[in-house]
Structure formats: C-alpha cells, structure tokens
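the sequence and its predicted three-dimensional model are supplied below.
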Amino acid sequence: MRSALVYVLAAICEIGGCFAFWAWLRQGRSALWTIPGVLALVAFAWLLTRVEAQAAGRAFAAYGGIYILSSIVWMRTVEQVRPDRWDLIGMAVCLLGAAIILFGPRTA
C-alpha cells in the first residue's frame, strides 16, 4: 500500500513538472513556470527511489501504469478533456501490466 501512495505522489510531481514546461513552451506562459516544474521533477525522481522493489527497472516499469492512470485523470480534471473508451481500455491494460510486474511471484 505504501508503494501505491509513493507512485501516486511521484505521478503528481512528474505530470505537474512536465505540465509546467508544456505551459511555458506550448501555452505561452512565463518561463518562471519552469522553476516549480524543475522542483517537481526532482521530487518525482526522489520519490521513485522510495518504492519498495528489488530492482530499479521493475519499480520504474510498474510506475508506468500508474503514470498512465494519473495522466488520464489529469487530462480529465485539469485539462477538462473527457477520456474516450480507448483511453480507458488502454489505461486498464497498462494497470494490469503494472500489477503483474509489481506483484507477480518471483523466483530466486
């Protein structure tokens, strides 16, 4: 359960940090948006090191599903764009993959 919370916090930081650059470069916002963006991306990287996994690659791969879920939620809540069925189906497939990677039985 702790890993799930860390993943969600990491996703918020990553999406928020990337969106700060999007706002600057694509929406004409001030370059000052990059300051909190960089800080959010640093927090994202730090948070991923807090995930309980034996290998960084496994932690990063499992995070991919959470990132996709969080991106769809961001799109709906912040950008006010309603996800279509293909967004939701793709998200579900990715979450299943992330769960398999993170919780699958491991052999020595």
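Structure's in. What do you need? Numbering: from 1, shown residues only.

can you name the residues in contact with the helix or strand of the chain with the lowest mean pLDDT?
The weakest-scoring helix or strand in the chain, judged by mean pLDDT, DSSP states H and E, is helix 56-77 (a mean of 89). Contacts with helix 56-77, where a contact means CB atoms under 8 Å, 6 or more residues apart in numbering, come from 4, 7-8, 10-12, 14-15, 19, 48, 51, 53, 81-83, 87-88, 90-91, 94-99, 101-102. All C-beta atoms are positioned from the backbone trio N, CA, C, and that covers glycine.

after that helix, which helix or strand is next?
Once helix 56-77 ends, the next helix or strand along the chain (criterion: DSSP states H and E) is helix 85-103.

show me which positions of that following helix end up buried.
Neighbour-count burial for helix 85-103, counted by 16 or more other CB atoms under 10 Å, picks out 87, 91, 94, 95, 98, 101, 102.

turn those residues into CSV, columns for distance to residue 26 and pLDDT.
As requested, these are exported to CSV (distance: CB to CB, whole Å; pLDDT from 0 to 100):
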residue, distance to residue 26, pLDDT
87, 20, 96
91, 23, 95
94, 25, 93
95, 28, 91
98, 28, 86
101, 32, 85
102, 33, 79
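
just the closest of these to residue 39, please.
residue 98 (26.2 Å; CB to CB).

what about that closest one, distance to residue 34?
29 Å (CB to CB, to the nearest Å).

and residue 50, what element?
With DSSP H and E as criterion, residue 50 is part of no helix or strand.

burial of the nearest residue to it once chain neighbours are set aside, as a residue count?
Nearest non-adjacent residue to residue 50, counting by CB to CB, 6 or more residues apart in numbering: residue 6, 4.9 Å away. Number of residues near residue 6 (other CB atoms under 10 Å) recorded here: 19.
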